[in-house]
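> Below is the structure, and that's it, no one-letter string:
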């Protein structure tokens, strides 16, 4: 793979706060997902690649140059930042045309028209952006990033604020941009969205790159881990007994809220495969299977522990 985007030994700190710690990766053509919980360091990494700031340690290269010191990189770089990035008083068309002129596009009007069409804003292009929904404003930002036909796209949570239909359309658009040979790095905290866009995923937790690989492999890391689950339904005690006898769970207790039983398993994926089979054997009917005491950060924290155990 010929590297178009590179971070090498990059750390970034703000006073006593370490936002990134010794992060290295190289990207070529296609879509790569940057996955992590809020505050994991995703926006910091994208900001460094966009040239908005410089690393405290290590080196950053985009299209072979340092994006912080070489302004020429902007001709080949499109950015959708996490901030607002639009002007409420102006139309989408005027804003996208302005960015095209700033980037030196030969025919700004035609380029803006094409970019707005690609993100589905043709009919609304001449309305003031202040009357747009958040999802439509996100699309204006994406049109601004595309208007000069860049080779590299850095997209920070581009699906925030979009309704389900818009999300599906934009997932397809991002995937298509990568298929055209562009290098696209898109951040998200939702693995299901990243899976549909990206052929490769980087996972960042608390400023550290803790896993990378194909989406299916990352999903296995996230799912097949110790978990605590609540089983709610009829004859769930009998089902829990079978799970315990099969060695699929290591502890069973009655839910204090009276909503069934709580089980602890060392391997979530194995339990998921076995529950339907053993439920039939126990004559159990499940109304709900839900995690207990989990949030996104704790899920990613498991990867930190796994990475340390692997000697990363």
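All right, it came through fine. Quick caveat: nothing in here was measured; it's all calculated off a predicted structure.
> Where do the strands of the stretch 101-250 of the chain begin and end?
152-156, 183-188, 200-205, 208-213, 227-234 (DSSP state E, counting those that start in this stretch).
> quick one: which of the ones you listed is nearest residue 16?
Closest of the strands of the stretch 101-250 of the chain to residue 16 is strand 208-213, at 16.9 Å (criterion: Cβ to Cβ). To be clear about C-beta, it is placed using only N, CA and C from the backbone, and glycine gets the same treatment.
> Output the contacting helices and strands for the closest one.
strand 17-27, strand 200-205, helix 296-309 (3 or more Cβ pairs under 8 Å, 6 or more residues apart in numbering; DSSP states H and E).
> repeat that for 10 Å
Contacts defined by 3 or more Cβ pairs under 10 Å, 6 or more residues apart in numbering; DSSP states H and E place strand 208-213 against strand 17-27, strand 30-35, strand 200-205, helix 215-223, helix 296-309.
> The last one - what's its average pLDDT?
Meaning helix 296-309. For helix 296-309, mean pLDDT rounds to 52.
> Same question for the third one.
When pLDDT is averaged over strand 200-205, the result is 91.
> circling back: now the strands of the stretch 101-250 of the chain in a markdown table, with distance to residue 136 and mean neighbour count?
Converted to a markdown table, those look like this (distance: least, Cβ to Cβ, whole Å; neighbours: other Cβ atoms under 10 Å):
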| stretch | distance to residue 136 | mean neighbour count |
| --- | --- | --- |
| strand 152-156 | 16 | 24 |
| strand 183-188 | 19 | 26 |
| strand 200-205 | 28 | 24 |
| strand 208-213 | 33 | 20 |
| strand 227-234 | 39 | 19 |
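> For residue 262, find the nearest of these.
strand 227-234 (5.3 Å).
> List the neighbouring strands of the closest one plus their orientation.
Within its sheet, strand 227-234 is paired with strand 261-265 (antiparallel), strand 285-291 (antiparallel), according to DSSP bridges.
> pretty sure residue 100 contacts residue 109?
Yes. Residue 100 is in contact with residue 109 according to Cβ atoms under 10 Å; the separation is 8.1 Å.
> And these two? Which one has more around it.
Each of residue 100 and residue 109 has its neighbours counted (other Cβ atoms under 10 Å); residue 100 has more, 26 against 13.
> Tell me where the stretch 1-150 of the chain is predicted with low confidence.
The stretch 1-150 of the chain contains residues with pLDDT under 70 at 1-2.
> Now render the strands paired with strand 227-234 as CSV, adding distance to residue 27, mean pLDDT and mean neighbour count.
Output for the strands paired with strand 227-234, formatted as CSV (distance: least, Cβ to Cβ, whole Å; pLDDT from 0 to 100; neighbours: other Cβ atoms under 10 Å):
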stretch, distance to residue 27, mean pLDDT, mean neighbour count
strand 261-265, 36, 89, 21
strand 285-291, 33, 85, 13
